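Peer 1: My questions are about this predicted structure, shown below with the sequence.
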Amino acid sequence: MPGSITWAATICMFLLSLDSKFPGNGIGHTSKIDYYEVFQAYKWVLVVKWTDLHIQQIVGEMNTFIFGKSGSTSAQSKTGAIEDLSAEINAALAAMDAAALTEDDDQLTKLGSPTPTIEENYLLTQMLQKP
């Protein structure tokens, strides 16, 4: 766990810096921040002080913020009841699919018959049979 917290903190530092690429050598091109050293030093502090009360309080607050309070779910509505939105999502997806099919049909109608003629089938067969 100390490593993941350290990684997240280092990535946040990088994202807030002026660097546009994460360096392979660990040193920011623009900011000159040594991300490798920052990561190692912060991880060392967390590993050494992991059992201290103030570190455990910070970890507890982060766990509550990310995962919610134990025994509760994060998929609750404002009323507190868990909502199942799968029916609404499926209906919306079906409506989008139907609209896309209708648009495809309209385009085919504008282009003419979607079914190839006998002559087109014959020409296509001849082209495919040529070595």
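Peer 2: Great, that's in hand.

Peer 1: What separation do you get for residue 32 and residue 49?
Peer 2: 28 Å (C-beta to C-beta, to the nearest Å). (Glycine included, C-beta is placed from N, CA and C.)

Peer 1: which one of the two has more residues nearby?
Peer 2: Each of residue 32 and residue 49 has its neighbours counted (other C-beta atoms under 10 Å); residue 49 has more, 13 against 10.

Peer 1: Look up the closest residue to that one, ignoring the ones flanking it.
Peer 2: Sequence neighbours aside, residue 55 is the residue nearest to residue 49 in space, at 5.1 Å (criterion: C-beta to C-beta, 6 or more residues apart in numbering).

Peer 1: Let me know the helix or strand that that neighbour is in.
Peer 2: helix 53-67 (DSSP states H and E).

Peer 1: Average pLDDT for that helix, rounded please.
Peer 2: Mean per-residue pLDDT for helix 53-67: 87.

Peer 1: can you list the residues that contact it?
Peer 2: Applying C-beta atoms under 8 Å, 6 or more residues apart in numbering, the external contacts of helix 53-67 come out as 1, 5, 46, 49, 50, 74.

Peer 1: which pair in these spans the largest distance?
Peer 2: 49 and 74 (29.5 Å; C-beta to C-beta).

Peer 1: coming back round to it: distance of the residue nearest to residue 49 relative to residue 12?
Peer 2: 18 Å.
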